[in-house]
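how would this look folded up:
(chains A and B)
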Protein chains: 2
Amino acid sequence: MSARDQLPPGTFLRSLFDAALAAADPQLALAEHIPAAVTGRTVVTGAGKAAAAMAQAFAARWPGPLEGLVLTRYGHALPCERIEICEVGHPVPDAAGERAARRMIELAHQLGPDDQLVFLASGGGSALLTLPAPGLSLADKQAVTRALLRSGASIGEINTVRKHLSAIKGGRLAAAAAPAQIVTLAISDVPGDDPAVIASGPTVPDPTTFADARAVLAKYGIGEPRAVLRHLETAAEETPKPGDPVFARARFQLVASPQGALRAAAAAAMRQNVVPIVLSDRIEGEAREVARVHAALALQLRAWEFRVGNDVVRPPAVLLSGGETTVTVAGAGRGGRNVEFLLALAVALNGAGDITALACDTDGIDGTENNAGAILYPESIARAAALGVSAKAALADNDGYGFFAALGDLVVTGPTLTNVNDFRAILVA
Amino acid sequence: MSARDQLPPGTFLRSLFDAALAAADPQLALAEHIPAAVTGRTVVTGAGKAAAAMAQAFAARWPGPLEGLVLTRYGHALPCERIEICEVGHPVPDAAGERAARRMIELAHQLGPDDQLVFLASGGGSALLTLPAPGLSLADKQAVTRALLRSGASIGEINTVRKHLSAIKGGRLAAAAAPAQIVTLAISDVPGDDPAVIASGPTVPDPTTFADARAVLAKYGIGEPRAVLRHLETAAEETPKPGDPVFARARFQLVASPQGALRAAAAAAMRQNVVPIVLSDRIEGEAREVARVHAALALQLRAWEFRVGNDVVRPPAVLLSGGETTVTVAGAGRGGRNVEFLLALAVALNGAGDITALACDTDGIDGTENNAGAILYPESIARAAALGVSAKAALADNDGYGFFAALGDLVVTGPTLTNVNDFRAILVA
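Residues are numbered from 1 along each chain as shown, chains lettered A, B, ... in the order given. Predicted structure coming up:
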């Protein structure tokens, strides 16, 4: 394609991010997946950061009678007719969340074979959806959750325990709704998009057991609260397992995912005659180290040495990746993992020509700031230096926000009301 | 390709490593690049871990009269007729190194327009080739080198200073040999294969200046030794720059490189109907974090989602990468960066099926052990667990060597007498 047809690099990368966001937009994502009407009631439930937007999209497209209740974070509600939006505590569950979850399971219990339960799942749903099993208190669950978070247990291990202390997670909402038809529509923010992991799977089979949950606590030497251990040892009723009859009329539909967002960005790149390379939807690790690896791949592309089979991938090409990095904070600066990634990328590339990069959180909020992420240009380091800002010093201070704010290169979208994790795109022109 | 035609995964990966080693083998690499004879003397010089093997290969193929002197590490000498092999200190220069370097520059000074100087460059050459500039002592150079290593200066910054304290680096050997013809044959172990960086470029132009060297010391607040600062402020003679007449009859030939080794491995994969993906020749960063990124890419391939342009890369495929990772040691275990990488990869993949990986140092020595690296199999974690060895615990203890030794999965080659850095190959079957 001739130079005059090409968008400027920053505009091009922003167009890919917009394509990724569109693929994760609840309005667009749900449009094709609204289930058929049933003769009885249709009750919409759900939990997650995208729950309000998903409920709004569902209600706007649902022709018949509709009722329901979804849970989202404080500040994430939207106007929605017919489906109640409850704002509750996250990441630490609160009493408002417990009350709402109790009402949700009671709604499910009312349903019969002619009815249908819809569950709208999205990231954050696991923490939002809290209903202690009989004999346990919210304080018990909070205590063990805090102990697990401190212990270094993985999110999978934490959820194994949570599911076995809950009256709603791990398939128990489906058990309450059966024999109604059950439709789960999910926006995934987890690597691999495992239905049992997204929002801790209240409407899907739980492959984990009470014995697994006990093993997690034993592994990390967690011996309190006593009520929790007693429950895990004596509870009679396992979570419903794959093949359980409660799932006979249940169906799970992934409506948006990190992979889907990357595919959409790749398609947008192809339309602009830039070769997309979709590296992975699940890159995790320390942001600055992940950035160094991305820099090495970008330089390989720039050297016309990125080979696949017998072919060299020829620039213009764009590296795409998703997932969620982490930042071990050592400095006093501001900024989330995406600007940290970009700042480390800047240091690693050190002004290498022809390389421009965007990194943003698809939820629109990078860390706790007001930006989704930022854009790095080949001349960013030099421009910053002219302003008296050192990229290396900013990185040492974890001040990605300050660095890109000084350059005027933050990407600001506001909350997108969806979440398919981070989005990174590195253009080699 | 049908299953019966395929090598077992471990054997396949070892065949790729062997192809990479063959591409970096001094015997094979030099064969095509022996220069033509001249009417006068041909003097072979050189420095690096591969210097002895390169000298041996050169001498074996040189038909006429030959003389010379190359420097290598203690323990790295080989029998070689006509070219003297000197073993000297590395990484801290010693008096033997200084004496040998002085003899080398004196040899170069003897040459006239009918003669030719050959310089055999390889990794480690910069530290091995130490000749303090007039007015400086070896102790001065050692002191400033130690201060720079402690300061966090990059290798590029360190070499900028070193070149301006040296009577042989940064093109000064070429200046001594001119007007003789000068041929540099190099095995690169540096990202980007910059001739001025490999062995600190004694026979190639130096783009850096005394002012640059002073700026490095100022940046890191290094104010001693006084003799060093005085030299950088008052030395009259700059290193020869690009375009300097001393390079009029000089030519540089890269005979082996990390990129070349990866290309050779890719070709070997293609011959076995496995799609190679050459990610980068220059991946740097903390080994365990680099491993997590590689794991994410391997899982993307395994999910048939690794896309390039409009195409999905279909397994069997193999991810190839080079470069040099680092290990921040926190535990008391044994092992170099390659087994650390593989152990972290094992933890990240957690027994994912169909993924087998090899990581080895092409010099044959991973860290300070007797192995080049190891091979990770899908069942490695389970096999180790059966032996009472936990992958996570081994990783926490930096005990990659112990982990793979217990499994019998170390790769042992002995010193290969070449070095094109690390080699990693991850097969997704």
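
domains in chain A, by residue range?
A:3-22+A:259-428, A:26-256 (automatic domain parsing).

how far does the longest one sit from its chain's centre?
From the chain centre to the centre of domain A:26-256 is a distance of 15 Å (Cα atoms, centre = their mean, to the nearest Å).

now do the same contact list for the closest residue to chain B within chain A.
Residue nearest to chain B within chain A: A:E289 (3.5 Å; Cβ to the nearest Cβ). Just so you know, the C-beta spots here come from the backbone N, C-alpha and C atoms, and that holds for glycine as well. Contact analysis of A:E289 by Cβ atoms under 8 Å, 6 or more residues apart in numbering or on different chains lists A:A344, B:G285, B:E286, B:E289, B:V290, B:V293.

what parts of the stretch 251-400 of chain A come near chain B?
With Cβ under 8 Å from any Cβ of the partner chain as the criterion, the stretch 251-400 of chain A meets chain B at residues A:259, A:263, A:266, A:270, A:275-286, A:289-290, A:292-293, A:296-297, A:299-300, A:303, A:305-310, A:313, A:321, A:323.

of those residues, which belong to strands?
Counted as lying in strands by DSSP state E, out of those, are A:275-286, A:307-308, A:321, A:323.

quick check, nearest of the residues you listed to B:T42?
Of all those, A:R307 has the smallest distance to B:T42: 37.5 Å, by Cβ to Cβ.

the closest one pairs with what?
A:V312, B:V278 (DSSP bridges).

surely it and B:V278 touch.
Yes. Between A:R307 and B:V278 there is a contact at 4.0 Å, judged by Cβ atoms under 8 Å.

joint contacts of the two?
Contacts common to A:R307 and B:V278, judged by Cβ under 8 Å, 6+ apart, are B:R263, B:A266.

list the residues that contact A:G156.
A:G156 touches A:V197, counting by Cβ under 8 Å, 6+ apart.

that one belongs to a helix?
Yes. Looking at A:G156 with DSSP: H, G, I helix; E, B strand; the rest coil, it is inside a helix.

if I look at it, how far off is A:A175?
From A:G156 across to A:A175, the span is 22 Å (Cβ to Cβ, to the nearest Å).

tell me, how many residues neighbour A:L7?
12 (other Cβ atoms under 10 Å in any protein chain shown).

next, format the domains of chain A as TSV and append mean pLDDT.
Output for these, formatted as TSV (pLDDT from 0 to 100):
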stretch	mean pLDDT
domain A:3-22+A:259-428	94
domain A:26-256	91
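
mind putting these into TSV with distance to B:E340?
Formatted as TSV, the domains of chain A follow (distance: least, Cβ to Cβ, whole Å):
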stretch	distance to B:E340
domain A:3-22+A:259-428	13
domain A:26-256	19
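
which residue packs closest to the most centrally placed residue in chain A, ignoring adjacent ones?
Closest residue to the average C-alpha location of chain A: A:D189 at 2.7 Å, with Cα atoms, centre = their mean. Among residues not flanking A:D189 along the chain, A:G123 sits closest, at 3.3 Å (Cβ to Cβ, 6 or more residues apart in numbering or on different chains).

what sits against the closest residue to A:G336 other than its chain neighbours?
Among residues not flanking A:G336 along the chain, A:G367 sits closest, at 2.5 Å (Cβ to Cβ, 6+ apart). Counting by Cβ under 8 Å, 6+ apart, A:G367 makes contact with A:V327, A:G335, A:G336, A:R337, A:Y401.

cheers, nothing more for now.
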